[in-house]
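>>> sequence? don't have it. structure:
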């Protein structure tokens, strides 16, 4: 049977959240939201909330639990070998390097070195926060394939258990749910009726409306390059006063159950089920009419390798990140400690009179580091904007890039000029003309997403090899 893991109760400041986020949807289309969290409850009030005290169980430095075996006497040079990136005739923008002058990627590089040395016991975990361009997992799915085909499939990682938008999906995994039996809420375009801040780090929740509501995750079909096996499932939920109960079934057999009712402030909890490594289907089904709020699921394997969590949320911007409960995020980040967190937002505008965009990004990064002090962070500029085929990058987007650059310098965080890697000025119009977008000049399709993802992974690989050259015994002496 699975095991139930309610985490320690943490207090969450709720003052000022009653009016919560207002999201201005300017236009709707396939995967297209241009919105903004503009309420003061989403910004300064959230930013000033006291951080919860770090748990003594948090992994903030490399310790013995992160690796195995004695240091080898011979320590050969390291190289992050990767499959050849997607080649598209007529499209070959100049390579852009990651700027990590402040050493912000140290943890990610150290964990990667342990993996390449064959001494890692845990996966190297990467999370990518993105707006609507991340809701179909095109870029993060390709990153996952690149890294797992080369250095070990450690499992799909995180996936939401409901779809706020019909096109929301993850690559190399099968997910679905009874959409009539669940509400799909997100911090941006589909907030909860009570406008509460309890969405979890994925910012998308499934909340049941009846007993017998089902949602499920299944390993990828046979023949897929990755994702065809799993040896562990976690179902994350909110322990809260109105909570109902649910069961977890794997391959049709009940493996665990949970009662999500809990007094006091809502808090993070999870059910874990271990299974023999192989193809599996996990189903969560409610067993009472009281509401069950599921914060997502995690699919893992008991093997070293990489995991890439695609945290794509339509209309996501920095203010909406701060709308989420820090206490809830703190518990989740300590439970699932990321080695690298990437922010790929900036295309969605917000009211700068409410909070300075640079300070907003700095506070979002500070939140992460209050939970995992040494986490590596990288900020990327948004994709170019080529709506209606325009060949000129709009001024508002360039201004957002300058703000993100300042945030990276101040936080500090690594920085990657994503638009530059696309080809710079007017590059999205070229992607549009070559059939690499969804026809709107804003959102990548599968081919376009794979192309830019390959360039990003290559840039991280170059940055790692540069670091490894100056740390010749990386992964040997830890």
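Yes, it's here. On a predicted model such as this, the values are computed, not experimentally measured, just so you know.

>>> residue ranges with poor pLDDT in the protein?
1-72, 478 (pLDDT under 70).

>>> just want the most central residue of the protein.
residue 311 (3.2 Å; Cα atoms, centre = their mean).

>>> with residue 332 as the reference, measure out to that one.
11 Å (Cβ to Cβ, to the nearest Å). From N, CA and C alone the C-beta is placed, and that goes for glycine too.

>>> in this protein, which strand is the longest?
strand 267-278 (DSSP state E).

>>> next structured bit after it?
Note on strand 267-278: by DSSP states H and E, the next helix or strand toward the C-terminus is strand 281-286.

>>> helices or strands next to the helix or strand following that following strand in the packing?
Later in the chain than strand 281-286, the nearest helix or strand by DSSP H and E is strand 293-300. Here strand 293-300 touches strand 157-159, strand 204-208, strand 214-218, strand 230-239, strand 281-286, going by 3 or more Cβ pairs under 8 Å, 6 or more residues apart in numbering; DSSP states H and E.

>>> can you rerun that using 7 Å?
When contacts are defined as 3 or more Cβ pairs under 7 Å, 6 or more residues apart in numbering; DSSP states H and E, strand 293-300 sits against strand 157-159, strand 204-208, strand 214-218, strand 230-239.

>>> overlap in contacts of residue 311 and residue 332?
Between them, residue 311 and residue 332 have no joint contacts when contacts are counted by Cβ atoms under 7 Å, 6 or more residues apart in numbering.

>>> quick check, residue 323 in contact with residue 198.
No: using Cβ atoms under 7 Å, residue 323 is not in contact with residue 198, being 10.7 Å away.

>>> please identify which of these two sits among more neighbours.
The residue with more neighbours, out of residue 323 and residue 198, is residue 323; 25 against 22, by other Cβ atoms under 10 Å.

>>> phi, psi of the more buried one?
phi -70, psi -30 (degrees, to the nearest 10).

>>> same question for the one 4 residues further on.
Geometry field for residue 327 lists phi and psi as phi -60, psi -40, criterion degrees, to the nearest 10.

>>> go on, residue 176?
Main-chain torsions, residue 176, degrees, to the nearest 10: phi -170, psi 170.

>>> for it, list the residues it contacts.
Contacts for residue 176 (Cβ under 7 Å, 6+ apart) come out as residue 216.

>>> what's the helix or strand for residue 469?
Assigned by DSSP H and E, residue 469 falls within helix 446-470.

>>> do residue 129 as well
Assigned by DSSP H and E, residue 129 falls in strand 124-130.

>>> quick one: residue 255 and residue 274 touch, right?
No: Residue 255 lies out of contact with residue 274 (Cβ under 7 Å); the separation is 8.8 Å.

>>> compare neighbour counts for the two and give me the winner.
Just comparing residue 255 and residue 274: by other Cβ under 10 Å the higher neighbour count belongs to residue 255, 19 against 15.

>>> so which strand or helix has that one?
Using DSSP H and E, the element containing residue 255 is strand 253-259.

>>> next, the angle strand 281-286 makes with that strand.
Strand 253-259 and strand 281-286 are oriented at 40 degrees to each other (axes from the mean of the first three to the mean of the last three Cα atoms, to 10 degrees).

>>> now strand 253-259: how far from the chain's centre is it?
Strand 253-259 has its C-alpha centroid displaced from the chain centroid by 27 Å (Cα atoms, centre = their mean, to the nearest Å).

>>> neighbouring strands - and their directions - for it?
If you go by DSSP bridges, strand 253-259 pairs up with strand 245-250 (antiparallel).

>>> and the angle for the partner strand with strand 230-239?
Using the same axes, to 10 degrees: strand 245-250 against strand 230-239 is 170 degrees.

>>> who touches the strand holding residue 129?
Here strand 124-130 makes contact (Cβ under 7 Å, 6+ apart) with 111-112, 115, 134, 140, 306-312, 316, 338-345.

>>> what about these, which are in helices?
111, 112, 115, 140 (DSSP state H).

>>> list the contacts of the second one.
What it means is residue 112. Listed by Cβ under 7 Å, 6+ apart, the contact set of residue 112 reads 80, 124, 464.

>>> from what I see, residue 437 and residue 448 are in contact.
Yes: contact between residue 437 and residue 448 holds when scored by Cβ under 7 Å: they sit 5.7 Å apart.

>>> mutual contacts of those two, please.
Contacts common to residue 437 and residue 448, judged by Cβ under 7 Å, 6+ apart, are residue 431.

>>> which residues does residue 378 bridge with?
residue 342, residue 414.

>>> which residues touch it?
Contacts of residue 378 (Cβ under 7 Å, 6+ apart): 98, 105, 340, 342, 413, 414, 416.

>>> for the helix or strand containing residue 143, the distance to its chain's centre please.
Of the helices and strands defined by DSSP H and E, residue 143 is found in helix 138-151. Centre-to-centre, helix 138-151 and its host chain are 14 Å apart (Cα atoms, centre = their mean).

>>> list the buried residues of that helix.
By neighbour count with 16 or more other Cβ atoms under 10 Å, helix 138-151 contains the buried residues 138, 139, 140, 141, 142, 143, 144, 145, 146, 147, 148, 151.

>>> packing partners for it?
Applying 3+ Cβ pairs under 7 Å, 6+ apart, we find helix 138-151 packed against strand 306-312, helix 446-470.

>>> show me the chain divided up by domain.
Domain assignment for the chain by automatic domain parsing gives 26-154+304-478, 157-302.

>>> centre of the chain to the longest one, how far?
Read that as domain 26-154+304-478. 8 Å.

>>> again with the last one
Domain 157-302 has its average C-alpha position 16 Å from the chain's average C-alpha position, going by Cα atoms, centre = their mean.

>>> quote the end-to-end distance of that domain.
Domain 157-302 has its terminal residues 12 Å apart, counting by Cα to Cα, to the nearest Å.

>>> residue contacts, residue 254?
residue 247.

>>> what's opposite it in the beta bridge?
Bridge pairing for residue 254 (DSSP bridges) gives the partners residue 249.

>>> re earlier: which single one of the buried residues of helix 138-151 is nearest to residue 238?
residue 140 (24.7 Å; Cβ to Cβ).

>>> identify the residues contacting the closest one.
Residue 140 sits next to 128, 134, 308, 310 when contact means Cβ under 7 Å, 6+ apart.

>>> and the two most separated of these?
Farthest-apart pair in these is 134 and 308; separation 11.2 Å (Cβ to Cβ).

>>> more crowded one of those two?
Neighbour count, other Cβ under 10 Å: between residue 134 and residue 308, residue 308 has more, with 30 against 26.
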